[in-house]
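Novice: sequence and predicted structure below; questions after.
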Amino acid sequence: MSINVTKARGDTPTFANGIIYLDHAAGSVPSVQVLDATRDYLDELGKLGPVNPAFYEKASETTKETKKKLARFINADHMDEIGLSKTGSEAIGQVINGLKWKKGDEVVTSVLEIHPGYLPLVRLERQYGVKLRVIGISGRGLLKLEALRRAINKRTRLVVLMHISNSLGTLQPLEEAQKLVRESNALYLVNASQSLGQIRVDVKELGCDFLVAPCRKWLRGPQGLGLLYCRKELIDDLEPSHISWTTTKWVSPGRYQHIGTAERFEAGELNFGTVRALNRALDYVDEIGGIDSVRSRIQDLTGYLLNRLRESEDIEVYGAAESGIRGGIVAFNKRNISSDTVWKQLEKEKLIIEAGNFAAPLVLKTFHREKWARVCVHYFNDTEDIDKFIATLAGVK
């Protein structure tokens, strides 16, 4: 089944405003259906009141339904393995801060990891004397698997790896990586911030114990909502960062028990409006053609984008040349022109990209850069969008 591009563009409000949005790695544009779900929620909230049983019970049921859909979407065994967080950053913190660390433990990550995943590991070094090992990437922007093999040892407690690089767009060889992790007793966390919603994400194929992602990026869900998958056998091993009436049973004045599902990480009342919006975003993936069609469409557009960028001698593209080992993200610079200039001039023409280090300075350091520009394509973009981007980029002086 192919993507219904006409429907997808008609359902994306930015086009009606003349905006070509190409910054999906930061946050994509929700469909009108997702926006309507949010508006409907707020309308019902105002008419019925937040703890009116007719309203609150519906919100609770929608939450259960959404977790079931998320579980199916990532091939988890049960909704009880799905926790909802405020952001992907919060979700990764729940895992790293929830484990019981001791001096002599080791953690492994790569230069691809961004601040929310990297800096908590640095803090472990300071707080507990945990040793942090950081592996590098090749000139194509891919994990050095032999370096990963050497980094993992009997003291390794946790391995944290990025699925698709937010700064480069390269799809990492996690099938091979998980085999190396599984040869040890280490726990394994996959950061799926840039893969959830643009490629099939399967926690069993990835072989991960934990998976985190925000919902506002390629899934086109709402802002302010993230996903935490925790394999059911490990739920009791994680100490929640916060205690709440919704997640903990008060046994006596001196005793309490956390609930035995991933709901234990959801302190307090959820933002039910964002949950309803996410529920609709998950449905929309199927309505538009399914996740495999999304992947195929993004890969084709990425290949076209890479070819158009290569036509210019003053454009430098970073990372692998093949669209098959990329998500819909391409990092580039225009020679002798700052990436900030490129970004701001394109914005004036209603072409939305981004420039910076994308909270991944170690990646840019690998390529001897401090900043670059990043352009992204999603399934509702088309070759005309890319052509306009290329033509406008050529005029940036």
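Specialist: Arrived safely. Residues are numbered from 1 along each chain as shown.

Novice: which stretches in the stretch 251-397 of the chain count as helices?
Specialist: 272-288, 291-310, 339-348, 361-366, 383-394 (DSSP state H, counting those that start in this stretch).

Novice: give me the helix or strand of the protein that scores worst on average pLDDT.
Specialist: Least confident helix or strand of the chain, by mean pLDDT, DSSP states H and E, is strand 248-252 with a mean of 89.

Novice: okay, now the sheet partners of that strand, with direction.
Specialist: Its sheet considered, strand 248-252 pairs with strand 255-258 (antiparallel) by DSSP bridges.

Novice: now do the buried residues in the strand it pairs with.
Specialist: Buried residues in strand 255-258, counting neighbours by 16 or more other CB atoms under 10 Å, are found at residue 258. C-betas here are computed from N, CA, C, even on glycine.

Novice: what do you get for stretch 311-319?
Specialist: 315, 317-319.

Novice: stretch 3-13 too?
Specialist: Within stretch 3-13, the residues that qualify as buried are 3-4, 8-9, 11-12, counting by 16+ other CB under 10 Å.

Novice: looking at those, which is nearest residue 133?
Specialist: residue 3 (40.9 Å; CB to CB).

Novice: what about that closest one, helix or strand, and which?
Specialist: Following DSSP states H and E, there is no helix or strand that holds residue 3.

Novice: wait, isn't it in contact with residue 298?
Specialist: No - using CB atoms under 8 Å, residue 3 makes no contact with residue 298, being 9.3 Å away.

Novice: overlap of the contact sets of those two?
Specialist: Common contacts of residue 3 and residue 298 (CB atoms under 8 Å, 6 or more residues apart in numbering): residue 379.

Novice: what's the closest of the helices of the stretch 251-397 of the chain to residue 218?
Specialist: Among these, helix 291-310 comes nearest to residue 218, with 8.1 Å by CB to CB.

Novice: and the closest one, what does it pack onto?
Specialist: Here helix 291-310 touches helix 272-288, strand 315-318, strand 329-334, helix 383-394, going by 3 or more CB pairs under 8 Å, 6 or more residues apart in numbering; DSSP states H and E.

Novice: out of those, which is the most enclosed?
Specialist: Scoring the helices and strands packed on helix 291-310 by mean neighbour count under mean count of other CB atoms under 10 Å gives strand 329-334 as the most buried, with a mean of 23.

Novice: listing partners with orientation, what would you give for that strand?
Specialist: Here strand 329-334 has these sheet partners by DSSP bridges: strand 315-318 (antiparallel), strand 372-376 (antiparallel).

Novice: using CSV, lay out the ones you listed together with mean pLDDT and distance to residue 88.
Specialist: Formatted as CSV, the strands paired with strand 329-334 follow (pLDDT from 0 to 100; distance: least, CB to CB, whole Å):
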stretch, mean pLDDT, distance to residue 88
strand 315-318, 98, 23
strand 372-376, 98, 17
